[in-house]
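**Q** kindly generate the corresponding structure for this input.
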Amino acid sequence: MSSSQPGSSSSHGASVQGDPNADALRIAWLVYRGNPYSGGQGVYTRYMAHELVELGHSVDVLSGQPWPILDPGARLVKIASMDLFRADDPWHIPRPNELRGRDHLDIDVFEFAHMCTSGFPEPWTFSLRARRYFQLHGHEYDLVHDNQCFGYGIRQMQDDGMAIVATLHHPITVDRDLEVEEAKKQDATTKRKFSLNRWYGFLGMQIEVARSIPRIITVSENSKRDIVTQMKVSADQLHVVPVGVDHQRFKPLDHITRAPHRVLTAASADVPLKGLRHLLEAIAKVRAERLVEVTIIGKKREGSVLPQLLDKLGLNDIVTFESGVSDERMVELYNEATVAVVPSLYEGFSLPAIEFMACGTPLITTTGGALPEVVGPDGVAALTVPPGDSDALAKAIKCMLDDPELRARIGQGGRDRVLNRFTWRVAADGTVEQWRYLLEDRARARRDGLPMPGTSAHRSEGSGPWGRWSGRGPSKLALPLGVTRSQGKK
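**A** Residues are numbered from 1 along each chain as shown. Okay, the predicted model is just below:
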């Protein structure tokens, strides 16, 4: 592995001279999937980049497909993957002409081969491509911010001399454990169980790399505790900076009248973690006594159990799915709902929860993960129920539908809580604070002739489960090659 001495510049051009006192920092923000419509990473990236630019910093967003939506001021640098898990063709088999003219053929072949063995290679291969970019352009940045990639290339970048801070929203070990448990309940085949464990094989890499990052931002105290427990990351590395909401965009709309019996949920992914099954079971109980309809912002994934569940519960005529909607339409949907529900079994934070609250939409959530931190005590900004309890959820929904005064009080309580606690400017300020702390640590190490935080001299590298691909030595993956750049647009 290439490395740089403390105080020197890497031979690949990485910057190690970031000034912690500089008013404006030059930031490279990494997001291996920038999808603004599925999952919170694209949303987090968009609004954080916007606020950081407003604070006067320069922000380049390095992203794989799907590309993020960026507001003017932030620049998109496309780190193109093979896009093997595209929405319209998951498990895509690339044609030979798709490889023509690509810069990273060795990584492309590895990515495809990894997918063919039921693995999810994107965090790993994105980090390798990003490292190549920095071997040419690292001197242009003061610091790299990794948004939950934690690929082996990230660790290599630290040894190249890059200053790296990362965000770890919650431990993906939770997602894996819940999916494995759900597979057991569904009496899944041995092949399905093997594929599931293989899919989550990237977790070993992410745990290993996370332990090497000197400063990691997480979004709640609950996530911090779970990361320490499940990933064995030191608590000293972790710093809580809650995410925010655009309260000027997500707000009550006076010209929209709420539907009389509409339940709304936003499921960023059709996976057991999000608790959709328990919500639909609760809706079936509610429907037995009163009128109700459901809108789900999200889409059914390939192999989903939702179609069978909707048939079994007889809910096809009252459940609709909305996906790929604009911000403007999203806010309208929030304002049209009688009540919103976050039925998740676990959340590291929950962007939908604070978006619902910002719109003044009466909210019901579970107490899974960090949700109690986000919504506060039961009955103030939201009604809360135990995760996985469809009876309790049905009771809370009926209570909300039947009591307009309760809905008004909860809706206003949610809006007030967001305005007092969760804005993107506060999140950006907290993030910049962590960047400056790391740059101060590096300046101190440089002054005292000590190894840079996060470099191999500061950690036990180990052999890693992936041989030479883990970053243990020079290989063809270390050769600098070009990357396409483009200007981000709203």
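
**Q** confidence score at the closest residue to residue 129 other than its chain neighbours?
**A** Nearest non-adjacent residue to residue 129, counting by CB to CB, 6 or more residues apart in numbering: residue 79, 4.9 Å away. Every residue, glycine included, has its C-beta placed from N, CA and C. On pLDDT, residue 79 comes in at 97.

**Q** isn't residue 79 up against residue 137?
**A** No - contact between residue 79 and residue 137 fails when scored by CB atoms under 8 Å: they sit 11.6 Å apart.

**Q** and these two? which has more neighbours close in?
**A** Each of residue 79 and residue 137 has its neighbours counted (other CB atoms under 10 Å); residue 79 has more, 26 against 20.

**Q** any figure for the gap between the more buried one and residue 405?
**A** 52 Å (CB to CB, to the nearest Å).

**Q** how about low-confidence regions in the stretch 201-350 of the chain?
**A** Residues of the stretch 201-350 of the chain that meet the criterion pLDDT under 70 lie in 268-269, 302-303.

**Q** next, the buried residues of stretch 121-138.
**A** Of all the residues in stretch 121-138, those buried under the rule 16 or more other CB atoms under 10 Å are 121-135, 137-138.

**Q** oh, that last question was meant for stretch 304-317, not what I typed.
**A** For stretch 304-317, burial by neighbour count (16+ other CB under 10 Å) applies to 305, 306, 310, 313, 315.

**Q** mind putting those into a markdown table with secondary structure and distance to residue 109?
**A** Formatted as a markdown table, the buried residues of stretch 304-317 follow (DSSP: H, G, I helix; E, B strand; the rest coil; distance: CB to CB, whole Å):
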| residue | secondary structure | distance to residue 109 |
| --- | --- | --- |
| 305 | coil | 34 |
| 306 | helix | 35 |
| 310 | helix | 40 |
| 313 | helix | 45 |
| 315 | coil | 45 |
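
**Q** check contacts around the residue nearest to residue 129.
**A** Shown in contact with residue 79 (CB atoms under 8 Å, 6 or more residues apart in numbering): 62, 63, 64, 126, 129, 130, 133, 483.

**Q** surely residue 130 is in contact with residue 153?
**A** Yes - taking contacts as CB under 8 Å, residue 130 lies within contact range of residue 153: 5.9 Å.

**Q** residue furthest from the geometric center of the chain?
**A** Most distant from the centre of the chain: residue 289, at 38.0 Å, with distances by CA atoms, centre = their mean.

**Q** let me know the helix or strand that that residue is in.
**A** According to DSSP states H and E, residue 289 maps onto no helix or strand at all.

**Q** tell me the contacts of it?
**A** Taking CB under 8 Å, 6+ apart, one finds residue 398 in contact with residue 289.

**Q** got it, and the one 4 residues further on?
**A** Residues in contact with residue 293 (CB under 8 Å, 6+ apart) are 259, 261, 262, 263, 318, 319, 320.

**Q** ok, 6 Å please
**A** Counting by CB atoms under 6 Å, 6 or more residues apart in numbering, residue 293 touches 262, 318.

**Q** residue 55 now?
**A** If you count contacts by CB under 6 Å, 6+ apart, then residue 55 has residue 428 around it.

**Q** again, only using 7 Å
**A** 428, 432 (CB atoms under 7 Å, 6 or more residues apart in numbering).

**Q** pLDDT score for it?
**A** The predicted local confidence for residue 55 is 97.

**Q** rewinding a little: need the buried residues of stretch 304-317 in a markdown table with distance to residue 146, can you?
**A** Listed next are the buried residues of stretch 304-317 as a markdown table, based on distance: CB to CB, whole Å:
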| residue | distance to residue 146 |
| --- | --- |
| 305 | 33 |
| 306 | 33 |
| 310 | 38 |
| 313 | 41 |
| 315 | 41 |
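
**Q** ok, the residues you listed vs residue 56, which is closest?
**A** For the buried residues of stretch 304-317, the minimum distance to residue 56 (CB to CB) is 45.5 Å, reached by residue 306.

**Q** tell me the SS of the nearest residue to the closest one once chain neighbours are set aside?
**A** Setting aside the residues directly before and after it, residue 306 is nearest to residue 300 in space (CB to CB, 6+ apart), at 5.2 Å. In three-state terms, and counting by DSSP: H, G, I helix; E, B strand; the rest coil, residue 300 is coil.
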